[in-house]
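**Student:** only geometry, no sequence info:
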């Protein structure tokens, strides 16, 4: 099918995903998600309009399938045979089940295994989705080029480095987009640091509330680039300097307060590199 699709990155400046109508996402409402409304529109738009079908869509950290459903709905409406490969441990403790699942109409269930639930929720798009359970870093990628990479799994600096090594070398220069879903979250400063270290390879395209930032891959990272972008051994001073650089580079997006919160969070948690161990600066 010959489909006319936008190719110029400048289109992102006009936020065309804001025009995605609610009916387009109607089928996804049954799949609970932590994505905000604009993020849901953005994910759908990327696979329904932006993607050209030249590579896979990879979703890292899909939980019960919320992000995957929005990507799959867009892909199904795109006219392209786009594959979506979603990775997660597919486990959830009771607090997450209560806040994300039960609060959104999912019936309570015993145990922490989310895979059967994710398979059921994503069944409308099962013909184009592969679910990969377990630790992401234990896998290898042999699925060819990656056109869209969604990262919601780099909750530690070590995991970011390991997952980058797995997937970044398969990105398509000048075309692939990375979505860092927690990029603007105050407790994950290594994400901003990495994109600054690899600024020759990734250019910011859009900031989408709540915390998503999208980057265009301008050059496919090789082993040398991955070494440049490694974050696990950075000192707090290194991270603070890179947060400041990211704040400056991304000033046109108007998210200065989020970078300040990131800097404050790092200062309040010296040497911490695990997101869920961060304590808010104002906590007692």
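**Tutor:** Nice, thanks for sending it over. In this text, all values refer to a predicted model and were calculated from it rather than measured experimentally.
**Student:** tell me the helix or strand right after the worst-scoring helix or strand of the chain on mean pLDDT.
**Tutor:** Each helix and strand of the chain was given a mean pLDDT (mean pLDDT, DSSP states H and E); the minimum falls on helix 94-96 at a mean of 90. For helix 94-96, the following helix or strand on the C-terminal side (DSSP states H and E) is helix 115-121.
**Student:** for the record, mean pLDDT for that next one?
**Tutor:** Mean per-residue pLDDT for helix 115-121: 95.
**Student:** what's that helix packed up against?
**Tutor:** With contacts defined as 3 or more CB pairs under 8 Å, 6 or more residues apart in numbering; DSSP states H and E, helix 115-121 has these neighbours: strand 129-133. No exception for glycine: its C-beta is placed from N, CA and C like everyone else's.
**Student:** so what does the strand it packs on touch, helix or strand wise?
**Tutor:** Using 3+ CB pairs under 8 Å, 6+ apart, strand 129-133 is in contact with strand 84-88, helix 115-121.
**Student:** following it, which helix or strand shows up next?
**Tutor:** Per DSSP H and E, strand 129-133 leads on to strand 146-151 as the next helix or strand towards the C-terminus.
**Student:** buried residues in that following strand, which are they?
**Tutor:** 146-151 (16 or more other CB atoms under 10 Å).
**Student:** next one: it to chain centre, how far?
**Tutor:** Taking CA atoms, centre = their mean, to the nearest Å, one finds the center of strand 146-151 at 8 Å from the center of the full chain.
**Student:** for the record, mean pLDDT for that strand?
**Tutor:** Averaging pLDDT along strand 146-151 yields 98.
**Student:** go ahead and name everything in contact with that strand.
**Tutor:** Contacts with strand 146-151, where a contact means CB atoms under 8 Å, 6 or more residues apart in numbering, come from 43, 46-47, 51-61, 67, 71, 82, 160, 163, 167-168, 170-172, 175-181, 191.
**Student:** from those, which would you call buried?
**Tutor:** Buried members of these, scored by 16+ other CB under 10 Å, are 43, 46-47, 51, 53, 55-61, 67, 71, 82, 160, 163, 167-168, 170-172, 175-181, 191.
**Student:** now the strands for the chain?
**Tutor:** Applying DSSP state E to the chain gives strands spanning 56-60, 84-88, 129-133, 146-151, 177-180, 202-208, 212-217.
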